[in-house]
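> 3D, please:
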Amino acid sequence: MHRCYLLFDLDNTLYPEESGLLAHLDRRIEEFLVHNLGLEKKASAAALRETYRQKYGITLR
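Next up is the predicted model:
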């Protein structure tokens, strides 16, 4: 049986804040939104991301 796992550290449990991991993830999520939703500006992606976070508790849900 083949198993595949993905582990996301979204609360700085495994990696310290100084590592910049969450900041990097924030940028990548915004790039995903710009690319896949056809947004023109990263500011639009950041605003949409915040709306999704408030509405759904997470951006990529």
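
> could you pull out the helices for the protein?
Shown for the chain, the helices assigned by DSSP state H span residues 21-37, 42-56.

> In a markdown table, list the ones you listed along with distance to T13 and mean pLDDT.
(Glycine included, C-beta is placed from N, CA and C.) Listed next are the helices of the chain as a markdown table, based on distance: least, CB to CB, whole Å; pLDDT from 0 to 100:
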| stretch | distance to T13 | mean pLDDT |
| --- | --- | --- |
| helix 21-37 | 11 | 87 |
| helix 42-56 | 19 | 86 |
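
> JSON lines please, covering those helices and showing mean neighbour count and distance to H2.
Below are these laid out as JSON lines (neighbours: other CB atoms under 10 Å; distance: least, CB to CB, whole Å):
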{"stretch": "helix 21-37", "mean neighbour count": "14", "distance to H2": "27"}
{"stretch": "helix 42-56", "mean neighbour count": "14", "distance to H2": "31"}
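
> Of all those helices, which one comes closest to F8?
helix 21-37 (8.4 Å; CB to CB).

> Quote the end-to-end distance of stretch 12-20.
Stretch 12-20 has its terminal residues 10 Å apart, counting by CA to CA, to the nearest Å.

> How about stretch 4-12?
First residue to last in stretch 4-12 (CA to CA) measures 23 Å.

> Stretch 6-20 too?
19 Å.

> What are the buried residues along that stretch?
The neighbour-count criterion (16 or more other CB atoms under 10 Å) identifies no buried residues in stretch 6-20.
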